[in-house]
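Peer 1: build me a model:
(chains A and B)
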Amino acid sequence: MQTTFPQLLIKHAAERPDAPAMREKEYGIWQAHSWAALGTLVQHIACGLHEAGLERGEHIVVVGSNRPRLYATMLAAQSLGAIPVPLYQDAVGAECVFPINNADVRFAMVEDQEQVDKLLEIRTSCPTLEHLFFDQSRGLRNYSEPGLMALDQLIEIGKNFASTQPGWYAAEVAKANPNDVAAMFFTSGTTGNPKGVVHTHRTLLDSAKAGADFDKLTANEDVLAYLPPAWIGQNIFSYAQWLTCGYVVNCPESASTVTIDLKEIGPTYYFAPPRVFEGLLTTVMIRMEDAGHIKRGIFKYFMAVAKRVGPARMDGKSIGALQTLLYAIGNLLVYGPLRNNLGFSRVRVAYTAGEAIGPDLFTFYRSIGINMKQLYGSTETAVFVCLQPDNEARADTVGVPIAGVQIKVADNGEIMVKSKGLLKEYYKNPTATAEVLTADGWYRTSDAGFIDASGHLKIIDRVKDVGRIKGGVNDGAMFAPKYVENKLKFFPYIKEVVAYGDGRDRVCVFINIDFDAVGNWAERRNLPYAGYADLAQKPEVYQLIKECVEKVNAELSVDALLAGSQVTRFLILHKELDADDGELTRTNKVRRGFIGDKYQPLIDALYNGKAEQFIETVVKFEDGRSGSVSATLKIGDCKTFAAVKVAA
Amino acid sequence: MTKKIGDVILDVQNISLAFGGVKALQDVSFNVKEHEIRAIIGPNGAGKSSMLNCINGVYQPQQGSITYKGKTFKHMNSHQVAVMGVARTFQNLALFKGMSVLDNIMAGRNLKIKSNLLLQALRIGPAEKEEIMHREAVEKIIDFLEIQAYRKTPVGKLPYGLQKRVDLGRALAMEPQVLLLDEPMAGMNVEEKQDMCRFVLDVNDEFGTTVVLIEHDMSVVMDISDRVVVLDYGKKISDGTPTEVRSDPDVIKAYLGTSH
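Peer 2: So this is what the prediction gives:
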């Protein structure tokens, strides 16, 4: 698009001044900010930041949850030609040091006292950081740190400046070029320092537009902004596409009210990672188990109907008169109320991405009439690469390349992408840039996959993680850890899995049970437990998990490529893997190598045939203090199946 | 980080309270200054809650006087105390379990509601306007205490730590000048205690409310109070800043005992 973010804002403010741009729930009421009001706010913040000394081309970090004034700050920075760098609000102080120093950041806009404290704590390691602005002043009244200022005060300064130099802001906005850098996103990075992914106005807006065209998004959409703004997906859905289409972005009251707010808003365009959909389904199922016999009977009967005809109906196939009637009754009695209860009554397009989604989970949502689809993309591609068309959603593919995107599969199985949304570069890191961007403009995704017969892209794993079994009966077989992990994670009882097998003679896994689901399961069986660690080590739980693993083994045995990846031994970890302990990335992906090093004795025990192993682990609490947990973990053996050759 | 501590707002002089032969309080005197956080500590049965109940007008001491904002009383009267701007929370929670969080906190606005029962029931005229105004005040408290997710939840369904927060919310709804907290952190885990400490400090900081609190957990008391008074067997044994109190031999004796 031949425009920039601030220019789009000015356009909306001029064309539809009174239409709501954002809503924020505060004091129990959804308060709307019109485009005109937002335009004025952005102008004042921009002038204030200029007075404070923010210069063109300079970076400003923005830390906090989804608040209108933080989004306004990003727009204000972009109006001045400065570059907003959103950081994860739940990252610990030390994780913010690298991005701030990497980009020589002098300015920071944060949400509240918690974030102010965090940045003040690392101030000595970030000598460049001069100005710290905060949105909410609660608890900060008595702070007297140099450079600390309330956003309200900054807005006042900006207002004065704007009244003395009325034409200044418009002139500043006009200076921007679509090819200027618009924002920088730090990738969470499974190894080493994070990398700053540099995007221009054009890459972000073109990608946003292509995605919006694909799903025919209009100005009438409602979106709930609840994922971290530092994640590019949030930025696309609640910022780039928001300005492209001019729809309404709704900011929840607080992180704990998201499900309530979801119900109240009833978004029409919704994104959630599979784990959110899974969590919602789990709560529904647990509540259904507690319902009376009649209700449960109706629910079971109509869910079976939905399972039979729902997906076909969503795919636009004809399902016959009787089934149509049954589905209509089901819709009246079960699906409609259920959608309403989940907050999905108005959803027109719902996306999930980030991890593989279980076929049962995916089918469940589609069968009750929610147009749930998958997409494929990354920070480097400004999200949209492949999307599933409305009638072709499937659990095991990620869709077809959208307009303006080309994909090809390299000889090593790696997916290569060429599109208008590709990153400009990694900030101050030409080596890394050269590694991912080829001379002729292709981006290496480092994902292994292939394009299936229907033209859909299917992802197997990260290229670097796809390994080979060495020695033993399956010598030389392909091992795709994530594929195995995902298959196990599709069971509601299993929350997290880490699979090992590359360069070894067989596959073994660490498992995290889902505390809610297994806890509920245990309660129904009158199985007492003291806490997570205790529950995890119950023989009954081991038996439960063993059955899950063996089911997966049976499924794998019919897969020509991955029959050798069947799991022979497993153990259930004594603590839940946590991003604060470095075991997960901030986007909740397992860091296999790190976990392997940390729990080396456990891996040894898995492979040398021991029946149990003692382990002691240091854990970090949310307030930064640390403690330790120790346990003796049992190791379970599982049945494997002979590879079955299936006729293609 | 400095805050302004004002003049004496509450002065307790020579209070003695006995239940038959049990001398709950004997000749206890101390004062509370405006905007400070004042803690009353002591072992079990030291007379802490009795002291609070005297200030609050629940008990009537046999001797002594209480001076509040320049007016001296022989004993207090609960209603009058509330009207004068003193609110309290309870050790064993006295919430309406079947009512929502919102309604519980709204109950704290009772003294401030002027329109009569009939107008309120019909929601007509000034009553509606008034209710909206009070609802706004309650919403600000809900926001302040970060309990937005439980607005409509019946209090009885909430975990204990959150019920304590609602109890505090109801006291805050009175917009008190002095807030009496009876063991606000009792029965809480470390995280809940930290949250509660932050709320107490924020109340003190944001609204300038004077806080008198009873607490068992010494680390909490030492961290957040400006001055501490120590009771033991109904007598005052020490009074001063947390550091002074901590090193007072009498306090050490009362808490750790002595060898005979």
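
Peer 1: can we go C-alpha only for contacts and neighbour counts from here?
Peer 2: Fine.

Peer 1: report pLDDT for residue A:647.
Peer 2: Each residue has a pLDDT score; the one for residue A:647 is 43.

Peer 1: could you check how far residue A:588 is from chain B?
Peer 2: 24 Å (C-alpha to the nearest C-alpha, to the nearest Å).

Peer 1: burial check on that residue, number of neighbours?
Peer 2: 16 (other C-alpha atoms under 10 Å in any protein chain shown).

Peer 1: and if you look at residue A:393?
Peer 2: Neighbours of residue A:393 using other C-alpha under 10 Å come to 24.

Peer 1: residues contacting it?
Peer 2: By C-alpha atoms under 8 Å, 6 or more residues apart in numbering or on different chains, the contact list for residue A:393 reads A:315, A:372, A:373, A:374, A:399.

Peer 1: residue B:119 now?
Peer 2: Residue B:119 makes contacts with B:125, B:126, B:127, as judged by C-alpha under 8 Å, 6+ apart.

Peer 1: hmm, 7 Å instead?
Peer 2: Residue B:119 sits next to residue B:127 when contact means C-alpha atoms under 7 Å, 6 or more residues apart in numbering or on different chains.

Peer 1: so where does it fall, helix or strand?
Peer 2: Assigned by DSSP states H and E, residue B:119 belongs to helix B:117-122.

Peer 1: list the buried residues in that helix.
Peer 2: Buried positions in helix B:117-122, judged by neighbour count with 16 or more other C-alpha atoms under 10 Å in any protein chain shown: residue B:120.

Peer 1: stretch A:501-512 too?
Peer 2: The neighbour-count check on stretch A:501-512 (16+ other C-alpha under 10 Å) flags A:501, A:502, A:504, A:505, A:506, A:507, A:508, A:509, A:510, A:511, A:512 as buried.

Peer 1: narrow those to those in strands?
Peer 2: Here DSSP state E is the test, and the buried residues of stretch A:501-512 give A:507, A:508, A:509, A:510, A:511, A:512 as lying in strands.

Peer 1: export those residues to TSV and tack on pLDDT and distance to residue B:66?
Peer 2: Formatted as TSV, these follow (pLDDT from 0 to 100; distance: C-alpha to C-alpha, whole Å):
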residue	pLDDT	distance to residue B:66
A:507	92	76
A:508	94	73
A:509	94	69
A:510	95	66
A:511	95	64
A:512	94	60
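
Peer 1: which one of those residues is nearest to residue A:280?
Peer 2: residue A:512 (19.3 Å; C-alpha to C-alpha).

Peer 1: quickly list what that closest one is bridged to.
Peer 2: With DSSP bridges as the criterion, residue A:512 is bridged to residue A:496.

Peer 1: so which bits of chain A are right by chain B?
Peer 2: A:27, A:28, A:139, A:142, A:143, A:256, A:257 (C-alpha under 7 Å from any C-alpha of the partner chain).

Peer 1: write a ChimeraX command that selects only the buried members of those.
Peer 2: Buried members of those, defined by 16+ other C-alpha under 10 Å, are picked up in ChimeraX with:
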select /A:27,28,139,257
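
Peer 1: shouldn't residue A:157 be in contact with residue A:48?
Peer 2: Yes. Residue A:157 is within contact range of residue A:48, at 5.3 Å (criterion: C-alpha atoms under 7 Å).

Peer 1: who has more neighbours out of the two?
Peer 2: Legend: neighbour count by other C-alpha under 10 Å for residue A:157 and residue A:48, higher for residue A:48 (24 against 19).

Peer 1: contacting residues around that one?
Peer 2: When contacts are counted by C-alpha under 7 Å, 6+ apart, residue A:48 touches A:154, A:155, A:157, A:158.

Peer 1: and it, which helix or strand is it part of?
Peer 2: Per DSSP H and E, residue A:48 falls inside helix A:35-52.

Peer 1: in that helix, what counts as buried?
Peer 2: If you call a residue buried by 16+ other C-alpha under 10 Å, then helix A:35-52 has these buried ones: A:35-50.

Peer 1: what do you get for stretch A:161-168?
Peer 2: Buried, per 16+ other C-alpha under 10 Å, within stretch A:161-168: A:161, A:162.

Peer 1: just stretch A:353-370 next, same as before
Peer 2: Residues A:353-354, A:356-358, A:361-370 are the ones in stretch A:353-370 that count as buried (16+ other C-alpha under 10 Å).

Peer 1: would you map out the domains in chain A?
Peer 2: Structural domains assigned to chain A are A:5-271, A:379-462, A:466-637, following automatic domain parsing.

Peer 1: would you mind finding the most buried of the ones you listed?
Peer 2: domain A:5-271 (a mean of 20; mean count of other C-alpha atoms under 10 Å in any protein chain shown).

Peer 1: distance between that one and the chain's centre?
Peer 2: Remark: domain A:5-271 is offset 18 Å from the chain centroid, using C-alpha atoms, centre = their mean, to the nearest Å.

Peer 1: and it, average pLDDT?
Peer 2: For domain A:5-271, the per-residue pLDDT averages 95.

Peer 1: and that domain, how far apart are its ends?
Peer 2: From the first residue to the last, domain A:5-271 extends over 22 Å; the measure is C-alpha to C-alpha, to the nearest Å.

Peer 1: before we move on, back to that, what strands line up against whichever helix or strand comes after the helix holding residue A:48, and which way round?
Peer 2: Downstream of helix A:35-52, the first helix or strand assigned by DSSP H and E is strand A:59-63. Strand pairing for strand A:59-63, using DSSP bridges, gives strand A:83-87 (parallel), strand A:107-110 (parallel).

Peer 1: how about strand A:59-63 as PDB, C-alpha atoms only?
Peer 2: What follows is strand A:59-63, C-alpha atoms only, in PDB (Å, rounded to 0.1, in the frame of the first residue of the first chain):
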ATOM      1  CA  HIS A  59      13.600   3.400  18.600                       C
ATOM      2  CA  ILE A  60      11.200   3.600  21.500                       C
ATOM      3  CA  VAL A  61      10.200   0.500  23.500                       C
ATOM      4  CA  VAL A  62       6.500   0.000  24.400                       C
ATOM      5  CA  VAL A  63       5.800  -2.400  27.300                       C
END
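
Peer 1: for the helix or strand just after it, give me every contacting residue.
Peer 2: Going down the chain from strand A:59-63, the next helix or strand is helix A:68-79, by DSSP H and E. Residues from elsewhere that reach helix A:68-79, judged by C-alpha under 7 Å, 6+ apart: A:5, A:6, A:22, A:42, A:43, A:45, A:46, A:83, A:84, A:172, A:173, A:182.

Peer 1: what's the distance between the fourth one and residue A:33?
Peer 2: It refers to residue A:42. Applying C-alpha to C-alpha to residue A:42 and residue A:33 gives a distance of 12 Å.

Peer 1: got it, and residue A:614?
Peer 2: In terms of C-alpha to C-alpha, residue A:614 sits 57 Å off from residue A:33.

Peer 1: picking up where we left off before, kindly reformat the residues of chain A next to chain B as JSON lines and extend each row with secondary structure.
Peer 2: Shown next, in JSON lines, are these (DSSP: H, G, I helix; E, B strand; the rest coil):
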{"residue": "A:27", "secondary structure": "coil"}
{"residue": "A:28", "secondary structure": "coil"}
{"residue": "A:139", "secondary structure": "coil"}
{"residue": "A:142", "secondary structure": "coil"}
{"residue": "A:143", "secondary structure": "coil"}
{"residue": "A:256", "secondary structure": "helix"}
{"residue": "A:257", "secondary structure": "helix"}
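
Peer 1: residue in the stretch 151-300 of chain A nearest to chain B?
Peer 2: residue A:257 (4.8 Å; C-alpha to the nearest C-alpha).

Peer 1: now do the longest helix along chain A, average pLDDT.
Peer 2: Assignment by DSSP state H gives helix A:293-314 as the longest helix of chain A. Model confidence over helix A:293-314, given as mean pLDDT, is 92.

Peer 1: now the residue of chain A positioned farthest from its centre: phi and psi?
Peer 2: For chain A, the largest distance from the centre (C-alpha atoms, centre = their mean) belongs to residue A:164, which lies 44.0 Å off. For residue A:164, the backbone dihedrals (degrees, to the nearest 10) come out as phi -80, psi -30.
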